[in-house]
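sequence? don't have it. structure:
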């Protein structure tokens, strides 16, 4: 996969475009992944409820995933826990199952203060250690999953456009005080 910054007349901004070059033939159900690491982790202050991004898709069911790192170095990946039962993205919030630009938002992991109860937003997040979210979080990787074919009713159809575009990646908060260090101190 390749990445580039490209001008979008529709968004009137510069967007991030990811494209799969020379898609393999004869592997219709295989997910191919591109892992992109920012030059330095992107801090998410306080306690965000979700990550939001505008995504341009072509009904190709590609997917946008994230890796976060918490204050103690534990990694959190938005595609579930390896070798463990999880519900992954049951709502398809991270999928490009639409045409054109759409705002996409999915929850970030959280643990309740005090007893470290794993909040409902953790359902799709796998972790590398104790499963307790220690704030603050940082975005450390973006993962793009693409397939060469999609299931359409009862047949496999080839994907025609092997590119997605992303714009305006944001952290979303329930209330203004969650953007501060107050939740981190709990």
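Thanks, I have it. Computed from a predicted structure; not experimentally measured.

hey, let's count contacts and neighbours off CA atoms from now on
Noted.

Just confirm residue 183 is within a helix.
Yes. In this structure, residue 183 lies within a helix as judged by DSSP: H, G, I helix; E, B strand; the rest coil.

OK, contacts around it?
Under the criterion of Cα atoms under 8 Å, 6 or more residues apart in numbering, the contact list for residue 183 reads 46, 47, 135.

Distance of it relative to residue 173?
Summarising the geometry, the distance separating residue 183 from residue 173, computed by Cα to Cα, to the nearest Å, is 12 Å.

ok, back up a step: okay, the contacts of residue 183 in a markdown table with pLDDT next?
Compiled in a markdown table, the contacts of residue 183 are given as follows (pLDDT from 0 to 100):
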| residue | pLDDT |
| --- | --- |
| 46 | 94 |
| 47 | 94 |
| 135 | 94 |
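
quick revisit: and for residue 183 and residue 173, which residues touch both?
Residues touching both residue 183 and residue 173 by Cα under 8 Å, 6+ apart: residue 47.

Neighbour count added to the contacts of residue 183, as a markdown table?
Output for the contacts of residue 183, formatted as a markdown table (neighbours: other Cα atoms under 10 Å):
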| residue | neighbour count |
| --- | --- |
| 46 | 21 |
| 47 | 26 |
| 135 | 22 |
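
okay, those residues in JSON lines with secondary structure and distance to residue 67 next?
What follows is the contacts of residue 183, written out as JSON lines (DSSP: H, G, I helix; E, B strand; the rest coil; distance: Cα to Cα, whole Å):
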{"residue": "46", "secondary structure": "coil", "distance to residue 67": "17"}
{"residue": "47", "secondary structure": "coil", "distance to residue 67": "16"}
{"residue": "135", "secondary structure": "coil", "distance to residue 67": "15"}
